[in-house]
Structure formats: C-alpha cells, structure tokens
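**Q** Sequence and predicted structure below; questions after.
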Amino acid sequence: MLWQLPEFDGNCFALLTASNSSVYIRIFKNFRACNDCHESTKLISELYGRELIVRDRIRFHHFRSRSCSCVDYW
C-alpha cells in the first residue's frame, strides 16, 4: 500500500527527475506524515545517499543517512 501515499510518490518523482545528487529534494504537504512514509523516507535517504527535506503540517523533517531531524518524535 506504500505506493498509494503522496509522500512516497513525491520521493519517487524527485529521485527520477533530479540528475544532480547535490540538490536537496524538498517535499511539502499539508497533512501529517504516517509511520510508513517516515520510515520509507529514512530508508530512501540512506539507499540513495541524498538529503530529503519533508515539511508536514507541523514541522520540517531533514532526512540524511537513515536518520531524521525529529529523532522519530513526530
């Protein structure tokens, strides 16, 4: 069911279209991140070696090397 979540779609689209690996990937949305989205974004940041910045309804999350700036308190 992960492919139906908009955050996952945003990550996939950004990784497919961003050719420069030094560019941050930023995803903005107006609702809270679910646990699956949060965990998958951490995994994607490690697998692709990219920094992902996700803004949900409450805060910014900076994902780098399978860790998040919120320290999994979201």
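**A** Yep, that arrived. Numbering: from 1, shown residues only.
**Q** Output the below-cut-off pLDDT ranges for the protein.
**A** 1-9, 19-22, 74 (pLDDT under 70).
**Q** mind checking how far V71 is from L47?
**A** In this structure, V71 and L47 are 21 Å apart, going by Cβ to Cβ, to the nearest Å. C-betas here are computed from N, CA, C, even on glycine.
**Q** So between those two, which is more surrounded?
**A** Between V71 and L47, counted using other Cβ atoms under 10 Å, the more crowded position is L47 (10 against 7).
**Q** how about that one, secondary structure?
**A** helix (DSSP: H, G, I helix; E, B strand; the rest coil).
**Q** what's the spacing between it and D56?
**A** 22 Å.
**Q** what's the answer for I44, then?
**A** For I44, the distance to D56 - Cβ to Cβ - is 16 Å.
**Q** likewise R64?
**A** In this view, R64 and D56 are 17 Å apart by Cβ to Cβ.
**Q** I appreciate the help and will end here.
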